[in-house]
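J.: Predicted model, plus sequence, below.
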Amino acid sequence: MEEGNQDLKIEAAKRFLENYYRTFGANWADLASLYREESVMIFEGRTLQGKEAILAELTSLQQCRHQILDIACYPARPGSADLVATVSGNIWLDGKQDARLFGQMFLLVPTPEGSFYVSRSTFVYLVSELRGSFMA
């Protein structure tokens, strides 16, 4: 794949992910079109297969808001149209005031329409809870 074309795909993938998190916060049901039956998500160690199982887990989060701190995209392998993306940010759940830091990895596969779908994804909380002080 040509370098200029690859740069355009990476920018399109970043826009796709920005839309993913915007949609996540607004209407989970609209995420269905971003997954396929063969999609797999590992959510905090639990493997979810297929878009119904993935959406059931995501909708169980109830109120949710994200603040994306970083998105990075890379070719999955040389010459491949598939992209690996990493996202880090803050997430507020169920109306709580305290955010949790999260990381999410995606394997994005191009669609014939010029977008992507999520083939694989792994979601983890990067810090479960802070106890005490880091300063002595």
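T.: That came through, no problem.

J.: Pretty sure residue 47 sits in a strand.
T.: Yes: assigned with DSSP: H, G, I helix; E, B strand; the rest coil, residue 47 falls within a strand.

J.: ok, now how distant is it from residue 121?
T.: Going from residue 47 to residue 121 by CB to CB, to the nearest Å gives 11 Å. Yep, even glycine has a C-beta here, placed from its N, CA and C like the rest.

J.: who touches both of those two?
T.: The contact sets of residue 47 and residue 121 overlap at 40, 41 (CB atoms under 8 Å, 6 or more residues apart in numbering).

J.: neighbour-wise, which of the two wins?
T.: residue 121 (22 against 10; other CB atoms under 10 Å).

J.: and the more buried one, what are its bridge partners?
T.: residue 41, residue 106 (DSSP bridges).

J.: I'd say it and residue 42 touch.
T.: Yes: in this structure, residue 121 is within contact of residue 42 by CB atoms under 8 Å, at 7.3 Å.

J.: My guess is residue 10 contacts residue 73. True?
T.: Yes: with contact defined as CB under 8 Å, residue 10 reaches residue 73; the gap is 4.5 Å.

J.: who's more crowded, those two?
T.: Using other CB under 10 Å as the criterion, residue 10 and residue 73 rank with residue 73 on top: 20 against 17.

J.: Quickly run through the sheet partners of the helix or strand the more buried one falls within, with directions.
T.: Taking DSSP states H and E as the definition, residue 73 sits inside strand 64-75. Strands that pair with strand 64-75, judged by DSSP bridges, come out as strand 83-93 (antiparallel).

J.: Now do the strand it pairs with: distance to the chain's middle.
T.: Here strand 83-93 is found 6 Å from its chain centre; the criterion is CA atoms, centre = their mean, to the nearest Å.
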